[in-house]
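*Asks:* Sequence first, then the predicted structure:
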Amino acid sequence: MKTIILGVGNQILGDDGVGIYVAKELEKRCPVKEGIDFEYVSWGGFRIIDVLQNYEKAIVIDAIDTGEKPEGYIHVLTHESLLHSIRMVSFHDVSFATAIELSSVLNIPMPESIFIYGIEVRDIGIFREGLTPAARKAANKCIDMVINRILSINRHNFINNKTLQPA
């Protein structure tokens, strides 16, 4: 099974780079790397289709500021849950959910499962490298959450493959 872990953000805009930080740390720490690609982007919209196509599963990590949850809260979403949301929207391009839906219309093979980890941050848009202590703490928690998801996916695949083999 082919999986992509995609960190989204801009590392020179403070906590907006938390998604890239998490993906880079996952690349170092993840106990399972076979079949997993790690990518980092500072853009979204139509171009996200090129990055995600032909993968079976995707894990996307990005900063989010809903103003509805406390700083450090980690949203775990699917791309379907974003279809009618204003979250993960670019004002200069299409939203993440619209790009995924467009790929379906164009018959571009996309992941069957897309898990999105949105880390609530407040310090975005300020030119500064590095994360605030609150964002770093949430990032480390998110890393553990994603590793658990990867281990769960791999256990599920191992069990399914094992039960399909002749006795």
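*Replies:* Good, I have the coordinates.
*Asks:* Walking through this structure, point out its helices one by one.
*Replies:* Taking DSSP state H to define them, one finds helices in the chain at 18-29, 47-52, 96-105, 133-164.
*Asks:* Tell me the buried residues in the longest one?
*Replies:* When burial is assessed from 16 or more other CB atoms under 10 Å, helix 133-164 yields the following buried residues: 134-135, 138-139, 141-143, 145-146, 149-150, 153-154. From N, CA and C alone the C-beta is placed, and that goes for glycine too.
*Asks:* Same question for stretch 103-122.
*Replies:* Result for stretch 103-122 [16+ other CB under 10 Å]: buried residues Ser103, Met110, Pro111, Ile114, Phe115, Ile116, Tyr117, Gly118, Ile119, Glu120, Val121.
*Asks:* just the residues you listed now: which is nearest Ile61?
*Replies:* The nearest member of the buried residues of stretch 103-122 to Ile61, counting by CB to CB, is Tyr117 at 4.6 Å.
*Asks:* need the contact list for that closest one.
*Replies:* Contact partners of Tyr117, counting by CB atoms under 8 Å, 6 or more residues apart in numbering, are 19, 22, 59-62, 74-77, 142, 145-146.
*Asks:* at 6 Å instead, please
*Replies:* By CB atoms under 6 Å, 6 or more residues apart in numbering, the residues touching Tyr117 are Ile61, Ile74, Val76, Cys142.
*Asks:* Need the nearest residue in space to the third one, chain neighbours excluded.
*Replies:* Spelled out, that is Val76. Tyr117 (6.0 Å; CB to CB, 6 or more residues apart in numbering).
*Asks:* Could you do Arg136 as well?
*Replies:* Take Arg136 and drop its neighbours on the chain: the residue closest to it by CB to CB, 6+ apart is Tyr21, 7.8 Å away.
*Asks:* Counting neighbours, what do you get for the one you found?
*Replies:* Tyr21: 25 surrounding residues under other CB atoms under 10 Å.
*Asks:* which residues of the protein score low on pLDDT?
*Replies:* Applying pLDDT under 70 to the chain flags the ranges 1, 79-95, 97, 156-167.
*Asks:* if I look at the residue nearest the centre of it, how far off is Glu39?
*Replies:* When the chain is reduced to its mean C-alpha position, the nearest residue by CA atoms, centre = their mean turns out to be Val60, at 0.9 Å. From Val60 across to Glu39, the span is 10 Å (CB to CB, to the nearest Å).
*Asks:* Overlap of the contact sets of the two?
*Replies:* Shared contacts of Val60 and Glu39 (CB under 6 Å, 6+ apart): Leu6.
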